[in-house]
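A.B. asks: Requesting a structural model of the entry that follows:
(one chain, ligands or ions: 1)
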Amino acid sequence: MSELRGKVQTVLGQIEPDQLGRTMTHEHLTMSFECSHVPPAPGDEGLSLAPIEMKHLHWLQQNPYSHHENLLLNQELEAVKEELLCYRKAGGGTIVENTTTGINRNLPALKQLAKETGVHVIAGAGYYVDVTHSEETRKMTVEKLTDVIVSEVLHGADGTDIRCGVIGEIGTSWPITESEKKVLQATAHAQTRLGCPVIIHPGRDNKAPVEVIRILQEAGGDISKTVMSHLDRSIYDHGELLEFARMGSYLEYDLFGTEVLNYQFNRNVDMPSDSQRVQSLKFLIQEGYEDRILIAHDIHTKHRLTKYGGHGFSHILKNIVPKMLSRGITQNQVDKILIENPKRWLTFK
Ligand SMILES: CC(=O)NCCS(=O)(=O)O
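C.D. replies: A predicted model of the protein is given here:
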């Protein structure tokens, strides 16, 4: 297979899987999310342009995608560096940084952050959702897209020699577009060549995760080495969740820290609280899926950083792990979710 077999690839080079430690499998350290701006409600236009201030914090937390500056996480490298130092102090070892082409991936910044903080950072190859695809991307064949993704892992991306260690997050909308379907097929082909981990951003519909896995399967992808992100806002019904779990991917709850009344991207969704997320983990464990669960915060806006009154990158380690233990999830199961499952997923085959 590839020269990477048995290794994990970080922005600073290859490491042994045992070096990873506790791992958040879905975060962003620098990105911009302007592609997902939601117009503010009538009367809130002023708030959407105002500087971030304490007195507007609740509005911002409930309307994060309507505030222009909030979408520019790429302006906060110093704050993110401080956060990573705290993450390390709290027992964190690794962050998988899911920023792909379309939302401002910045590999030199990731390398710098890894060097300055001692946190292992793993970068993502490939493309985000259709609205961010360039004309050039849309015109590419599946073969060409595959070559680009393979090269981002083997040689480096964005004109640098900094190599990606996962494919994704690969963005899909609902319904899945033609361009996204080609990227999914290319992802499966690249995974076959490389034996590498894949991570998917499904469209915001309960049918989206199943549909993505079907496309990957048909293209020869290794579903056992693929993560389905954002299950928190995608599948609620227990029966549907188990049906999806049986397809064999990793099951990721990655919006820990997000507690909102209205989910701005889909008003039909009742976004779960962190307590409800823990209950979902417990349900999946009871059903025998403790070897398939991954968790993270998916920080992608400013307001979730501690600098802006948010929960930060250490929330899971400091607050969610004690809650898991208090709800009957064992330390061994917590270690599987934070250490063993990420390690198995991130190791090249
Ligand atoms: C950066 C990103 O794609 N975050 C996911 C946000 S969502 O609300 O779960 O779609």
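A.B. asks: Could you report the pLDDT at the residue nearest to residue 307 when sequence neighbours are not counted?
C.D. replies: Distances taken as Cβ to Cβ, 6 or more residues apart in numbering put residue 79 closest to residue 307, at 4.3 Å, once the chain neighbours are dropped. From N, CA and C alone the C-beta is placed, and that goes for glycine too. Note on residue 79: pLDDT of 98.
A.B. asks: Does residue 79 touch residue 303 like I think?
C.D. replies: No: taking contacts as Cβ atoms under 8 Å, residue 79 lies outside contact range of residue 303: 11.7 Å.
A.B. asks: Show me which of these two is the more surrounded one.
C.D. replies: residue 303 (21 against 16; other Cβ atoms under 10 Å).
A.B. asks: tally of neighbours for the nearest residue to that one once chain neighbours are set aside?
C.D. replies: In this structure, residue 303 finds its nearest non-sequential neighbour in residue 60, 5.0 Å apart by Cβ to Cβ, 6+ apart. Applying other Cβ under 10 Å, we find 23 residues neighbouring residue 60.
A.B. asks: and residue 60, what does it touch?
C.D. replies: 52, 67, 70, 303, 308 (Cβ atoms under 8 Å, 6 or more residues apart in numbering).
A.B. asks: Tell me the predicted confidence for the third one.
C.D. replies: Spelled out, that is residue 70. pLDDT recorded at residue 70 is 98.
A.B. asks: Which residues does stretch 282-289 contact?
C.D. replies: 238, 241-242, 245, 251, 290, 292-293, 324, 327-329, 333.
A.B. asks: so of these, which ones are in strands?
C.D. replies: Using DSSP state E, 251, 293 are the members of the contacts of stretch 282-289 that sit in strands.
A.B. asks: Would you reformat the contacts of stretch 282-289 as CSV and include neighbour count and pLDDT?
C.D. replies: Shown next, in CSV, are the contacts of stretch 282-289 (neighbours: other Cβ atoms under 10 Å; pLDDT from 0 to 100):
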residue, neighbour count, pLDDT
238, 12, 96
241, 21, 98
242, 15, 98
245, 20, 98
251, 23, 98
290, 19, 98
292, 22, 98
293, 22, 99
324, 23, 98
327, 12, 98
328, 11, 98
329, 21, 98
333, 19, 98
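A.B. asks: Specify which member of the contacts of stretch 282-289 is nearest to residue 6.
C.D. replies: Distance to residue 6 across these (Cβ to Cβ) is lowest for residue 292, with 21.3 Å.
A.B. asks: Please determine how far that closest one is located from the ligand.
C.D. replies: For residue 292, the distance to the ligand equals 19 Å [Cβ to the nearest ligand atom, to the nearest Å].
A.B. asks: now residue 234
C.D. replies: With Cβ to the nearest ligand atom as the criterion, residue 234 and the ligand are 8 Å apart.
A.B. asks: repeat for residue 107
C.D. replies: Residue 107 is 17 Å from the ligand, by Cβ to the nearest ligand atom.
A.B. asks: Spatially nearest residue to residue 182, not counting backbone neighbours?
C.D. replies: Here the residue nearest residue 182, using Cβ to Cβ, 6+ apart, is residue 142, at 5.1 Å.
A.B. asks: What subset of the contacts of residue 60 is buried?
C.D. replies: Using 16 or more other Cβ atoms under 10 Å as the burial test, these include 67, 70, 303, 308 as buried.
A.B. asks: Please produce JSON lines containing the residues you listed, extended by distance to residue 217 and secondary structure.
C.D. replies: Rendered in JSON lines, the data for the buried ones among the contacts of residue 60 read as follows (distance: Cβ to Cβ, whole Å; DSSP: H, G, I helix; E, B strand; the rest coil):
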{"residue": "67", "distance to residue 217": "39", "secondary structure": "coil"}
{"residue": "70", "distance to residue 217": "37", "secondary structure": "helix"}
{"residue": "303", "distance to residue 217": "38", "secondary structure": "helix"}
{"residue": "308", "distance to residue 217": "41", "secondary structure": "helix"}
